[in-house]
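Participant: Any chance you can model this:
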Amino acid sequence: MIEKKPRHRPERHFNDAKRIVVKCERELCIHCNTKLVSLPSWHMRKTIQTLSGAVFVAGKGKECANSECEYFRKHYYASGVLKYSLPQSTYGLDILAFIGWQHEHEHQQLVEIQRSLNQRGVEINERNVGKLYRQFLALLGGTIAHTAEKLAATAHEHGGLIWAIDALQPEGHGTLLYVLYEVLSGTPVSGIQLQQAQVQCLIDWLQPYKELPYKVLSTLSDGESAIITAMNSSWPDAPHQRCQAHFLNNLSEVVLPLDTKLRQQLKADLDRLPFVPDSSERLQDQSQSKQLDRTPLF
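Facilitator: Sure, this is the predicted structure:
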């Protein structure tokens with residue numbers, strides 16, 4: 001009788017993966033307005049394959065340190081990690097959107113999509129392409145029973161929900177994938193694909209979640225005006241905040257060219273300095289060493 005061996009799962013190593021540490025966006029406890037304290041360890045970490053290369057993503061949460069607060073030591077997680085991939089998935093949301101678009105609009109078979117992704121440097125097999133396509137359909141399908149239970153539990157624990165929207169534009173076409181997720185529980189709830197940003201389409205998409213019987217504590221998004229208008233229209237009484245990661249990225253766009261120019265200038269100046277030998281190259285004779293020490297370097 002032939003012994004059945006467990007299915008082999010190859011180990012993948014991405015030594016050149018870009019490191020991204022995402023911190024909790026909130027500064028204050030939503031209940032007592034006390035400054036939140038960063039947790040010492042990551043609440044999640046994983047390497048994610050994207051269309052533009054592999055990235056190592058880690059999330060650092062915070063907690064309320066006010067012992068008099070009803071929600072003392074409640075953890076607030078870094079919801080920004082959901083902008084890179086779904087929970088328990090090591091493939092980026094851009095790959096998820098790419099698979100959905102290629103199958104739905106370009107009418108490609110799963111094996112054809114696999115070959116296309118392999119050519120782009122993404123390590124994936126046909127079975128995982130099918131799995132990601134089913135996740136894509138589930139994401140577009142809206143709130144399922146399990147998600148509804150999670151939202152209810154989060155609203156009970158924190159006294160309400162925080163909604164956030166992020167938009168992705170997969171490489172190769174101009175469509176946008178909008179993803180709605182709940183920040184406090186880190187739960188992706190729904191998604192919609194649009195050819196362009198349309199406020200009314202976003203408002204119609206948010207309508208079922210607007211009708212949920214939970215208080216909305218705040219909303220979160222990047223600076224896209226269509227998203228902000230749709231969220232303010234759907235939840236007019238909830239304060240809106242721009243995502244700090246997007247805001248800092250926008251600021252860095254101005255600084256980055258100047259920083260690059262400064263580094264290039266420093267490199268050019270330092271390259272003209274005389275070579276300083278290390279300890280292994282220095283003369284062992286003490287008299288010669290003293291003579292060398294009296295010789296100026298500049």
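Participant: chain center to the helix or strand harbouring Val55: distance?
Facilitator: For Val55, the host element (DSSP states H and E) is strand 53-63. Its chain's C-alpha centre and that of strand 53-63 lie 7 Å apart, by CA atoms, centre = their mean, to the nearest Å.
Participant: Can you tell me what sits against that strand?
Facilitator: Strand 53-63 has contacts (CB atoms under 8 Å, 6 or more residues apart in numbering) with 14, 16-24, 26, 36-39, 41-48, 73-78, 80-81, 84-85, 92, 121. Where C-beta positions appear, they are placed from N, C-alpha and C, glycine not excepted.
Participant: Tell me the buried residues within the residues you listed.
Facilitator: Among these, those classed as buried by 16 or more other CB atoms under 10 Å are 17, 20, 22, 24, 26, 36, 39, 43-44, 46, 48, 74, 76-78, 80-81, 84-85, 92.
Participant: What ranges does the stretch 1-150 of the chain have for its helices?
Facilitator: Counting by DSSP state H, counting those that start in this stretch, the stretch 1-150 of the chain has helices at residues 93-104, 110-119, 126-141, 145-158.
Participant: and the ones you listed, which is most packed in?
Facilitator: Burial of the helices of the stretch 1-150 of the chain is given as mean neighbour count (mean count of other CB atoms under 10 Å); helix 93-104 ranks first at a mean of 23.
Participant: same question for that one, mean pLDDT?
Facilitator: Across helix 93-104, pLDDT averages out at 88.
Participant: got the CA coordinates for it in PDB?
Facilitator: Presented in PDB, the C-alpha positions along helix 93-104 are these (Å, rounded to 0.1, in the frame of the first residue of the first chain):
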ATOM      1  CA  LEU A  93      -6.200  43.700  -3.500                       C
ATOM      2  CA  ASP A  94      -4.900  45.000  -6.900                       C
ATOM      3  CA  ILE A  95      -4.400  41.300  -7.900                       C
ATOM      4  CA  LEU A  96      -7.900  40.500  -6.700                       C
ATOM      5  CA  ALA A  97      -9.300  43.300  -8.800                       C
ATOM      6  CA  PHE A  98      -7.100  42.300 -11.800                       C
ATOM      7  CA  ILE A  99      -8.400  38.800 -11.700                       C
ATOM      8  CA  GLY A 100     -12.000  40.000 -11.500                       C
ATOM      9  CA  TRP A 101     -11.600  42.400 -14.400                       C
ATOM     10  CA  GLN A 102      -9.800  39.900 -16.600                       C
ATOM     11  CA  HIS A 103     -12.500  37.200 -16.000                       C
ATOM     12  CA  GLU A 104     -15.600  39.400 -16.100                       C
END
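Participant: Can you work out which other helices and strands pack against that helix?
Facilitator: Where contact means 3 or more CB pairs under 8 Å, 6 or more residues apart in numbering; DSSP states H and E, helix 93-104 is packed against strand 37-50, helix 110-119, helix 126-141, strand 161-168, strand 176-182, strand 187-194.
Participant: give me that answer again for 7 Å
Facilitator: Under the contact criterion of 3 or more CB pairs under 7 Å, 6 or more residues apart in numbering; DSSP states H and E, helix 93-104 touches strand 37-50, helix 110-119, helix 126-141, strand 161-168.
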